[in-house]
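**Student:** Can you look at this prediction? I've put the sequence above it.
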Amino acid sequence: MKKILCIIAATALLGTTVFAGDEEASKKRDAQITGELGNVADLLTDGNIENTPMLLVNPDAYIGKLFPSIPAHFTAGISVSGTIFKTADLVDPMKNVIYTMTDELKASDFGKLFTGAAEDPVLDLNFDVPAKIPLPTAGVSLRIGGIILPFDIGFYGMYAIPGSLDSFKYEDFSASINYSSFGVDLRYCLVKEKGLLPKVSLGFGYTFVNESLSFDAKRSFSYDYDFTSSGGPSGSAKGGFDTAIDMDIKQHSIFAQIQVSKQLLYLFTPYIGARYSISKTDADIDWYYKTNHDALPSPAPNMEDIDRKDSKSISSDFDMGEGNAQLFGGIGLNLALFQLGLNVQWNPKSNYVTAGLLATLKI
């Protein structure tokens, strides 16, 4: 996640050095920046759709009754999951924005003054990141057996104080995430395990994610310049810029699933299942960047300060036709009162793969 934050923050940093140019061109660049940040929001919401349901997965298709039962059946532990994304899905759009910005920046006197020169290495920034990266999540999980009827109810939850989940400061960048999420599902046992028969359950569930991402960058410059050879002034320049990007995402998902499991040799519980989920998402994106300069003698050529900002709201409602089918499976390792679950999930529509780990006390 830190690499993702650094990539976006680097893009924000470069975005603050764009030469103002004419208003029409500036508006086009504004729209492109906002559009690319919208793509980042889409990627994050796709990750939520994939990895949050995995926090509710238990290897046993049904854990038994809480009452009447001796012992009363429940599980409690920790779940983690992560969806694997192609890094290019995030990096390539960011690079496109940078290239658009720097093409104009290289041709401007403002850019030459405040980045050192058009050939400044920052204009050719390369991202040293792996080909694929995981978007992780985690939560405390609890599952309680049913009362009288053969069902169980599962819960997971996670809350992070703003900035505590994942925050960092790198040179001129700072970034943080405020993340909270919870989910619940109910599974009804259709077939009880007996002899060669496996357990089969039908379930329904809901997950909610609220995440806020903030990025900030500031930088100051001081340069000497000489345009006497071209008839312009000579002198010194001071300046700087600051920028900020904020994303707020709220996402509701509901799903139905079926799961089959079978205990083998009292030690292993392999399982398979299928799920169909639909989601409702609201995302708000806000950004700005500003520049300032003090160049002498005055007026310096092509030295307009920039003050740009834009915002965008993205919404999608529940739509059965736009849902996601997910196939999941794995194996549980039963160790007396503890169970470890190794889980994997595949979405045929998006080809996303998600892996998960469950560690619980199991009664």
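**Tutor:** In hand now; what should we look at?

**Student:** so for the longest helix seen in the chain, what's the average pLDDT?
**Tutor:** Counting residues, the longest helix found in the chain (DSSP state H) is helix 23-51. For helix 23-51, the mean pLDDT works out to 84.

**Student:** Now the element after it, going C-ward?
**Tutor:** Tracing the chain C-terminally past helix 23-51 and defining elements by DSSP states H and E, one meets strand 65-67 next.

**Student:** tell me the angle of whichever helix or strand comes after that following strand relative to helix 23-51?
**Tutor:** Downstream of strand 65-67, the next assigned helix or strand under DSSP H and E is strand 74-86. Taking axes from the mean of the first three to the mean of the last three Cα atoms, to 10 degrees, strand 74-86 and helix 23-51 form an angle of 140 degrees between their directions.

**Student:** Output the contacting helices and strands for strand 74-86.
**Tutor:** Contacts defined by 3 or more Cβ pairs under 8 Å, 6 or more residues apart in numbering; DSSP states H and E place strand 74-86 against helix 23-51, strand 132-147, strand 353-362. C-betas here are computed from N, CA, C, even on glycine.

**Student:** Just want the angle from that strand to strand 132-147.
**Tutor:** Inter-element angle recorded for strand 74-86 and strand 132-147: 160 degrees (by the same axes, to 10 degrees).

**Student:** What strands line up against strand 74-86, and which way round?
**Tutor:** The pairing partners recorded for strand 74-86 under DSSP bridges are strand 132-147 (antiparallel), strand 353-362 (antiparallel).

**Student:** Just send these back as a markdown table, with mean neighbour count and mean pLDDT too.
**Tutor:** As requested, the strands paired with strand 74-86 are arranged in a markdown table below (neighbours: other Cβ atoms under 10 Å; pLDDT from 0 to 100):
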| stretch | mean neighbour count | mean pLDDT |
| --- | --- | --- |
| strand 132-147 | 19 | 87 |
| strand 353-362 | 19 | 95 |
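
**Student:** could you dump the ones you listed to TSV with distance to Ala283?
**Tutor:** Converted to TSV, the strands paired with strand 74-86 look like this (distance: least, Cβ to Cβ, whole Å):
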stretch	distance to Ala283
strand 132-147	15
strand 353-362	21
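
**Student:** quick one: which of these is nearest Ser81?
**Tutor:** Of all the strands paired with strand 74-86, strand 353-362 sits nearest to Ser81, with 3.7 Å by Cβ to Cβ.
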